[in-house]
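*Asks:* Got a sequence here, can you build the structure:
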Amino acid sequence: MIDDADFVERRASARQVLALRVSVYYDRLGLLSCKTRDISIEGMLLDTGRVRLSNNTHVEVVLTDRTRHYSDPIRVQARVSRVQESLAALTFQDLEISTFRRLKLLLTSANLN
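*Replies:* Modelled structure (predicted):
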């Protein structure tokens, strides 16, 4: 069993517990369906199920949960910064200002619920 505390010490910003279905494009395997454990403006912790991602791999994450306060997918480039069993910590890369604003809105609305 993994203790989420293993990931806490390396976080640059606080993450919110938020379970969202996301799609991850991983060059080696194609499109993966995953679920977030938590998310921040700088990254997220993903449950990848039986798939193990490789450290320092670049991926594209697409958040498409239409039950939230957004209807268009949010696309984010990320780097796999840590992997442990079925969990992968991702660090967002080169966020555009519009993506940053949409993530901020998502986090704010999640915090209100």
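*Asks:* Strands along the protein, start to end?
*Replies:* Ranges of strands within the chain are 16-17, 21-26, 30-39, 43-47, 58-63, 74-84, 87-92, based on DSSP state E.
*Asks:* Tell me which of those strands approaches L103 most closely.
*Replies:* Nearest to L103, of all the strands of the chain, is strand 74-84, at 6.7 Å by Cβ to Cβ. All C-beta atoms are positioned from the backbone trio N, CA, C, and that covers glycine.
*Asks:* Adjacent strands (with direction) for the closest one?
*Replies:* Counting by DSSP bridges, the strands paired with strand 74-84 are strand 58-63 (antiparallel), strand 87-92 (antiparallel).
*Asks:* relative to strand 43-47, how tilted is the last one?
*Replies:* Orientation check (axes from the mean of the first three to the mean of the last three Cα atoms, to 10 degrees): strand 87-92 against strand 43-47 gives 150 degrees.
*Asks:* Just the CA trace of strand 87-92, in CSV.
*Replies:* This file holds the C-alpha atoms of strand 87-92, laid out as CSV (Å, rounded to 0.1, in the frame of the first residue of the first chain):
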residue,chain,number,x,y,z
LEU,A,87,0.5,5.9,-9.0
ALA,A,88,2.2,8.5,-11.1
ALA,A,89,3.0,12.1,-10.0
LEU,A,90,2.9,14.5,-13.0
THR,A,91,4.3,18.0,-13.2
PHE,A,92,2.6,20.3,-15.6
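*Asks:* I'd like to know the average pLDDT value across it.
*Replies:* Averaged across strand 87-92, pLDDT comes to 96.
*Asks:* beta partners of the residue lying closest to V76 once chain neighbours are set aside?
*Replies:* With Cβ to Cβ, 6 or more residues apart in numbering as the criterion, V76 has its nearest non-adjacent residue at 4.8 Å, and that residue is V61. Note on V61: beta-bridge partners by DSSP bridges are V24, V76.
*Asks:* Verify the contact between V61 and L20 for me.
*Replies:* No: using Cβ atoms under 8 Å as the test, V61 is too far from L20 to be in contact (10.1 Å).
*Asks:* Many thanks, we can stop here.
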